[in-house]
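Engineer: 3D model of this:
(2 chains)
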Amino acid sequence: MRKRWRAARIGIRRLSLSSFLGLLCAAAAHADAQRLRIISWADYVPADLIAAFKKETGISVELTLSNNEEMISKLRATGGAGFDLAQPSQDRITGPQRDFRIYKPIDLSKVNLKLFRPELLDIVRQNTTLDGHQYALPYLWGAEGLVADTKRARIGDYTDLCKPEYKGKTSVRLRRPTLMAFAFAMGKDPFALYHDPQAYAALMDQVGAKLSACKANFRFFFDNKDQLLNGIRSGELVAAMMWDTGGWTLNRQNPDIQFIVPRSGALGWLDTFALPARGKNEPAVYAWINFAMRPDNAARITRSVGNFTAAQNVDALIDPKLKAQFAASFPQGGFKGIHWYPAIPAGLEEMEGKVLDRIKAAN
Amino acid sequence: MSAAWRARAALAALLAPALLWLGALILLPHVELAVLSLRERIGPQQYAASLSQYKTFFTEPLYWHIFVRTALVSCVATLFTFLATFPIAWIIAKALRGRAGALLFIVCLVPFWVSETVRTLGWMILLRESGVLPSLLVKLGITQVPVEMLYHDATILLGLVYTNMLFMLVPLVSSLESLDDALIEAAYDLGASGWSILRTIVIPHAAPGITAGAIIVFMLTLGNYLTPALLGGKNSEWFTEQIYTQFITRFNWEQGAAFGFLLLGLSTIMVMIGLRLSGQRFGDVMRRT
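Structural biologist: Residues are numbered from 1 along each chain as shown, chains lettered A, B, ... in the order given. Here you go, the predicted model:
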């Protein structure tokens, strides 16, 4: 009798254990369906948008802040797992995809393409298609140019940052956009040489020499937007290479500080929606894309980050001050006079890396 | 079940966490890094065994320049840390003792309750051109305009010395405390000067502690990432930054892994040279820490 009782008790215990585990698995699966993990840039995914999405769909967004290189490195380390949606720049998609297989193609049938501006869709389709699959959709775009305190500095092009009178008072990032910008300012077109590695290497060496010679002018190489904004606000810097929105933000606080489109042209960046190869929650990703690109939500994103999204029919909802600043900076309209980054062929970044290292080591 | 077997099982059980830690978190990743460092990308997703990553280090002057620079600055930082810490250790171990000594020790310890990042940011607030110290100098009339004190090699040194002082202080205090005061008194009785006492009695006695502190500080400095990155600015290429750059911004894990191994190998060689020069044995030194 006692023995049987014990057996029964063990049976109950086993039963409860297995049912508990089952419940746990079910809960985990449920949690995955209700969870969208995004890796993106600061301010790209505003908190109020996350709240609205949760209210509408019940899905909670988990956000990780990052930048292009870190996004790619993180996805590479896990073989494309850990996130459901990433937002790299459009020129950084086919290269890493070819080497590391970290993305999966976009299922265009699940996206409401009518929400997107067709010209941006075209650029991204051209730059992110590999072996017949499209790997990204446009999200947000903007331009990089110059910002200057117009009372203290007269700056017309990137190379003006090297004028002797601004010694120790300017700044750039020690990253590839700076190389591209200086190449354009030196009268060359680096993008035209993308497929001629030898000529490209020669050009990069020239640009590297120019930047090394200019190094005394840079107070520091900035790593993040806040560092740069602080440098300019405190007056430690009089001019720097900068994104349009950073310049407009500073301009609202101090009218002397202005965003300047360089004579050789601004550099256009375009960040995207891309799906990591081993992301789990695809339905939520497409729901999010269709949600974020709705005009009202796109306007919300613009309010948060200060840049324009790839969504259509948003014009009426944008802050008039931002529209005025944009029109003042780009009188011909946004897409003209901007150099858009084409997809980077393999091998170039290694070349550029050595040039950047040499600039950093130069005295 | 014999007693000997049981004792062995108990020992194995006690060692298991440490061995697991060593194997899974230190040995395995290093093996993978070693494999990574010995291959070369020849095409998309195609790799071949090669020594080219190591060759790059020696043929591209840039990288070994950065390494030599890092090693030299680390040596200087270790020396400065010693010079700054020795008097404090002496005061704690010999001059104050008891409660006052313990109190001073705690005062040295308190800053380490705050994370390294916050402490380094504190230095940035103090030293930047629009910061506390430069504006104080202007107010006192010492300089006409605020001077930028950040982004120099000296700033990195300052930050490194500050960050690592505690790791020098602890072994120094413990080795000085074991020094018998009678020896010093006897030396004075025999007419020795303060300098010769320091040179012939105190330093030799404290040598294992000094070496232990120096090894720890040197390794920490060489492997530090944060302080040079934040305080150093545009000229401060530190070798660890180069490893990070290769891994994260260049996607060149092969090169980064090779640099990691070179850092490990070269720093080991430098520590061995240091031990040889100071006539210390590694086992003795590590027992003192």
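Engineer: Next, find the distance separating residue B:3 from residue B:14.
Structural biologist: Distance, residue B:3 to residue B:14, using C-beta to C-beta, to the nearest Å: 16 Å. No exception for glycine: its C-beta is placed from N, CA and C like everyone else's.
Engineer: Show me which residues of the stretch 151-289 of chain B sit near chain A.
Structural biologist: B:151, B:233-235, B:237, B:242, B:245, B:247-252 (C-beta under 8 Å from any C-beta of the partner chain).
Engineer: of all the residues in chain A, which ones are close to chain B?
Structural biologist: A:69-70, A:72-73, A:76, A:96, A:98-101, A:168, A:174-175, A:215, A:218-221, A:234-236, A:346, A:349-350, A:353-354, A:357-358, A:360-361, A:363.
Engineer: close to chain A, is the helix or strand harbouring residue B:54?
Structural biologist: Here residue B:54 sits within helix B:52-59, counting by DSSP states H and E. No. Contact of helix B:52-59 with chain A (C-beta under 8 Å from any C-beta) is absent, the minimum separation being 9.5 Å.
Engineer: buried set for the next helix-or-strand element following that helix?
Structural biologist: For helix B:52-59, the following helix or strand on the C-terminal side (DSSP H and E) is helix B:61-90. Buried residues in helix B:61-90, counted by 16 or more other C-beta atoms under 10 Å in any protein chain shown: B:62-64, B:66-67, B:69-71, B:73-75, B:77-78, B:80-82, B:85-86, B:88-90.
Engineer: any idea of the angle helix B:61-90 forms with helix B:52-59?
Structural biologist: 80 degrees (axes from the mean of the first three to the mean of the last three C-alpha atoms, to 10 degrees).
Engineer: I'd like to know which elements helix B:61-90 is packed against.
Structural biologist: helix A:348-361, helix B:52-59, helix B:153-177, helix B:203-222, helix B:239-244, helix B:253-278 (3 or more C-beta pairs under 8 Å, 6 or more residues apart in numbering or on different chains; DSSP states H and E).
Engineer: Distance from the chain centre to the one helix or strand residue A:198 maps to, please.
Structural biologist: Applying DSSP H and E as the criterion places residue A:198 in helix A:197-213. Centroid separation for helix A:197-213 versus its chain: 26 Å, with C-alpha atoms, centre = their mean, to the nearest Å.
Engineer: Can you give me the neighbour number for residue 156?
Structural biologist: As the question left the chain open, I've gone with chain A. Neighbours of residue A:156 under the rule other C-beta atoms under 10 Å in any protein chain shown: 14.
Engineer: hm, I was asking about chain B
Structural biologist: Residue B:156, neighbours per other C-beta under 10 Å, totals 25.
Engineer: Let me know the pLDDT of it.
Structural biologist: As predicted, residue B:156 sits at a pLDDT of 92.
Engineer: list the contacts for it?
Structural biologist: B:73, B:227, B:228, B:231, B:232, B:236 (C-beta atoms under 8 Å, 6 or more residues apart in numbering or on different chains).
Engineer: related to what we said a few turns ago, the inter-axis angle of the helix holding residue A:198 versus helix A:348-361?
Structural biologist: 20 degrees.
Engineer: then helix A:197-213 to CSV, C-alphas only?
Structural biologist: C-alpha atoms of helix A:197-213 as CSV (Å, rounded to 0.1, in the frame of the first residue of the first chain):
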residue,chain,number,x,y,z
PRO,A,197,41.0,48.9,-57.0
GLN,A,198,44.3,50.2,-58.1
ALA,A,199,43.1,53.7,-58.9
TYR,A,200,41.0,53.7,-55.8
ALA,A,201,44.0,52.8,-53.6
ALA,A,202,46.0,55.6,-55.2
LEU,A,203,43.1,58.0,-54.5
MET,A,204,42.8,56.8,-50.9
ASP,A,205,46.5,57.3,-50.3
GLN,A,206,46.1,60.9,-51.6
VAL,A,207,43.2,61.5,-49.3
GLY,A,208,45.1,59.9,-46.4
ALA,A,209,48.0,62.2,-47.0
LYS,A,210,45.7,65.2,-47.1
LEU,A,211,44.0,64.2,-43.8
SER,A,212,47.3,63.4,-42.1
ALA,A,213,48.7,66.9,-43.0
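Engineer: who does the helix or strand following it pair up with?
Structural biologist: For helix A:197-213, the following helix or strand on the C-terminal side (DSSP H and E) is strand A:218-221. Strand A:218-221 pairs in its sheet with strand A:170-172 (parallel), by DSSP bridges.
Engineer: Now do the lengthiest strand in chain A, average pLDDT.
Structural biologist: In terms of residue count, the longest strand belonging to chain A (DSSP state E) is strand A:137-149. Mean pLDDT, strand A:137-149: 94.
Engineer: what about burial for the residues of chain A next to chain B, which qualify?
Structural biologist: A:69, A:72-73, A:76, A:96, A:98-100, A:168, A:174-175, A:218-221, A:236, A:349, A:353-354, A:357-358, A:360-361.
Engineer: Could you pull up the mean pLDDT of stretch A:35-48?
Structural biologist: On average, stretch A:35-48 scores 94.
Engineer: Check which residues of that stretch are buried.
Structural biologist: Counting neighbours by 16+ other C-beta under 10 Å, stretch A:35-48 gives A:36, A:37, A:38, A:39, A:40, A:41, A:43, A:44, A:45, A:46 as buried.
Engineer: Could you export those as JSON lines, including secondary structure?
Structural biologist: Formatted as JSON lines, those follow (DSSP: H, G, I helix; E, B strand; the rest coil):
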{"residue": "A:36", "secondary structure": "strand"}
{"residue": "A:37", "secondary structure": "strand"}
{"residue": "A:38", "secondary structure": "strand"}
{"residue": "A:39", "secondary structure": "strand"}
{"residue": "A:40", "secondary structure": "strand"}
{"residue": "A:41", "secondary structure": "coil"}
{"residue": "A:43", "secondary structure": "coil"}
{"residue": "A:44", "secondary structure": "coil"}
{"residue": "A:45", "secondary structure": "coil"}
{"residue": "A:46", "secondary structure": "coil"}
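Engineer: Just give me the closest of the residues you listed to chain B.
Structural biologist: Top of the list for closeness to chain B, among the buried residues of stretch A:35-48 and by C-beta to the nearest C-beta, is residue A:39 at 14.0 Å.
Engineer: you'd agree the closest one is up against residue A:80?
Structural biologist: No. Counting by C-beta atoms under 8 Å, residue A:39 sits too far from residue A:80 to count as a contact (11.4 Å).
Engineer: For the closest residue to residue A:231 other than its chain neighbours, pull up the helix or strand it's in.
Structural biologist: Excluding its sequence neighbours, the residue lying closest to residue A:231 (C-beta to C-beta, 6 or more residues apart in numbering or on different chains) is residue A:237, at 4.1 Å. For residue A:237, there is no host helix or strand (DSSP H and E).
Engineer: Would you mind listing the residues in contact with residue A:237?
Structural biologist: Counting by C-beta under 8 Å, 6+ apart, residue A:237 has contacts A:169, A:170, A:171, A:219, A:228, A:231.
Engineer: ok, now how distant is it from residue B:125?
Structural biologist: From residue A:237 to residue B:125 the distance is 18 Å (C-beta to C-beta).
Engineer: cool, residue A:109 as well?
Structural biologist: Residue A:109 is 54 Å from residue B:125, by C-beta to C-beta.
Engineer: the more surrounded of those two?
Structural biologist: Remark: of residue A:109 and residue B:125, residue B:125 carries more neighbours, 11 against 7, as counted by other C-beta under 10 Å.
Engineer: is it true that the more buried one touches residue B:131?
Structural biologist: Yes. The criterion here is C-beta under 8 Å, and residue B:125 meets it with residue B:131 at 5.5 Å.
Engineer: what bits of the stretch 1-150 of chain A have low per-residue confidence?
Structural biologist: Applying pLDDT under 70 to the stretch 1-150 of chain A flags residues A:1-31.
Engineer: ok, 50 please
Structural biologist: In the predicted model of the stretch 1-150 of chain A, residues A:1-15 satisfy pLDDT under 50.
Engineer: Helices of that one, start to end?
Structural biologist: A:2-33, A:47-57, A:68-78, A:94-100, A:118-128 (DSSP state H, counting those that start in this stretch).
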